[in-house]
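K.L.:
Test case, fold it:
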Amino acid sequence: MKYLVTGANGYIGQGVVKTMLDLGAEVVATDFHTDEVDERAKRIDADLFTLDDPYGYFEKPDVVIHLAWRDGFRHASENHMKDLPNHYSFIEKMCKAGIRKMCVMGTMHEIGFMEGCIKADTPCAPQSLYGIAKNALRQATVLACKENNVKLQWLRGYYIVGNTHRGCSIFSKLTAAAEAGDETFPFTTGQNQFDFTDYDLFCEQVAKASMQDEVLGIIECCTGKPMKLADRVEKFITDNGYSISLAYGTFPDRPYDSKAVWGDSRKIDKILMNWR
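P.N.:
Predicted coordinates:
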């Protein structure tokens, strides 16, 4: 199999590419710039949205792992909706060209506000532009794959902890504040419970899910275990030896964040078990 990873220079992409290479995969990695991508990959700098024949341009991959996405940490960014047609156009072109499988990074924010365990058949009612755009892309990708007889994996991500010098997550911001010598960090109440996955494990989940065909469809990339945001962030501070404290209640909780939500890990657990 030849795997094309888009968004390879990004927060998730770098770790996924490295993990796939460690597992022995042949990887073509693309992004606007690929200077920080593992050199073992075939690195191709490109703007996906300008290519008439991305299948040929990227040397006819068998599987596409579409991680490319702008402003993933800015849920209200208008770019989510502006870029949506371009993402679909790329996916449609690749499906029509003859790839075997399309793997796309999704998000638990497709679901919207709910409490409890998110499963593959959980109804979606997204409440942010980010969630709306991802949900629409998922629905359109299902149709494109079905019409072109392409296998589909929708890899639904949750909350990732790690690789803190990349991205704009709360853990990245906390790391920057601690390294700048700040004594306090503005925070919410921290009482919401989420499904947190360590960065290396998340990249392993995405890589191994993409490199097998037994489990398809929507796959929750998660641990299946909720944890209070405050507890996870306090643990992160302790684990890294930071001398910084949380200023609880500085910011209000986001109204569309669930009080307690986690993913159904049965599919991803099966995938990881089968690799052992």
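K.L.:
who are the neighbours in contact with Gly116?
P.N.:
Ala260, Val261, Trp262 (C-beta atoms under 8 Å, 6 or more residues apart in numbering). To be clear about C-beta, it is placed using only N, CA and C from the backbone, and glycine gets the same treatment.
K.L.:
The last one looks like it's in a strand, true?
P.N.:
Yes - the assignment for Trp262 by DSSP: H, G, I helix; E, B strand; the rest coil puts it in a strand.
K.L.:
beta partners for it?
P.N.:
Bridge pairing for Trp262 (DSSP bridges) gives the partners Cys117.
K.L.:
So it versus Leu152, what's the distance?
P.N.:
24 Å (C-beta to C-beta, to the nearest Å).
K.L.:
quick one: which of these two has more around it?
P.N.:
More crowded of Trp262 and Leu152, by other C-beta atoms under 10 Å: Trp262, with 24 against 19.
K.L.:
Correct me if wrong: the more buried one contacts Gln193.
P.N.:
Yes - if you go by C-beta atoms under 8 Å, Trp262 and Gln193 touch, sitting 7.5 Å apart.
K.L.:
Please enumerate the shared neighbours of those two.
P.N.:
Pro226.
K.L.:
hmm, back to that, any chance of the contacts of Gly116 in a markdown table, plus distance to Phe236 and pLDDT?
P.N.:
A markdown table is the format used below for the contacts of Gly116 (distance: C-beta to C-beta, whole Å; pLDDT from 0 to 100):
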| residue | distance to Phe236 | pLDDT |
| --- | --- | --- |
| Ala260 | 19 | 93 |
| Val261 | 19 | 94 |
| Trp262 | 18 | 97 |
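K.L.:
Can you redo the residues you listed as JSON lines, where the extra columns are distance to His87?
P.N.:
As requested, the contacts of Gly116 are exported to JSON lines (distance: C-beta to C-beta, whole Å):
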{"residue": "Ala260", "distance to His87": "31"}
{"residue": "Val261", "distance to His87": "25"}
{"residue": "Trp262", "distance to His87": "27"}
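K.L.:
which one of these is nearest Tyr158?
P.N.:
Trp262 (7.6 Å; C-beta to C-beta).
K.L.:
For Asp53, see how far away the closest one is.
P.N.:
Trp262 is 41 Å from Asp53, by C-beta to C-beta.
K.L.:
Just name the closest of the contacts of Gly116 to Asp213, please.
P.N.:
Trp262 (26.4 Å).
K.L.:
Next, the buried residues of stretch 188-196.
P.N.:
Burial within stretch 188-196, assessed by neighbour count using 16 or more other C-beta atoms under 10 Å, is assigned to Thr188, Gly190, Asn192, Gln193, Phe194, Asp195, Phe196.
K.L.:
Check which helices and strands the strand or helix carrying His87 is in contact with.
P.N.:
Using DSSP states H and E, His87 maps to helix 79-97. When contacts are defined as 3 or more C-beta pairs under 8 Å, 6 or more residues apart in numbering; DSSP states H and E, helix 79-97 packs onto helix 54-57, strand 63-66, strand 101-107, helix 129-147.
K.L.:
any idea which of the buried residues of stretch 188-196 is closest to Met94?
P.N.:
Of those, the one sitting nearest to Met94 (C-beta to C-beta) turns out to be Asp195, at 29.8 Å.
K.L.:
What segments of this structure are strands?
P.N.:
Assigned by DSSP state E, the chain shows strands spanning 2-6, 26-31, 42-45, 63-66, 101-107, 116-118, 151-157, 159-161, 184-186, 193-198, 217-221, 226-228, 245-247, 261-263.
K.L.:
among the ones you listed, which is nearest Pro126?
P.N.:
strand 101-107 (8.9 Å).
K.L.:
Tell me what angle that closest one forms with helix 79-97.
P.N.:
Going by axes from the mean of the first three to the mean of the last three C-alpha atoms, to 10 degrees, strand 101-107 is angled at 170 degrees with respect to helix 79-97.
K.L.:
by contact count, what packs against strand 101-107?
P.N.:
strand 63-66, helix 79-97, helix 129-147, strand 151-157, helix 199-210.
K.L.:
the inter-axis angle of the fourth one versus strand 217-221?
P.N.:
Counting by the same axes, to 10 degrees, strand 151-157 points 30 degrees away from the direction of strand 217-221.
K.L.:
what sits up against strand 151-157?
P.N.:
12, 100-108, 110, 118, 138, 141-142, 145, 202, 205-206, 209-210, 213, 215-222, 263.
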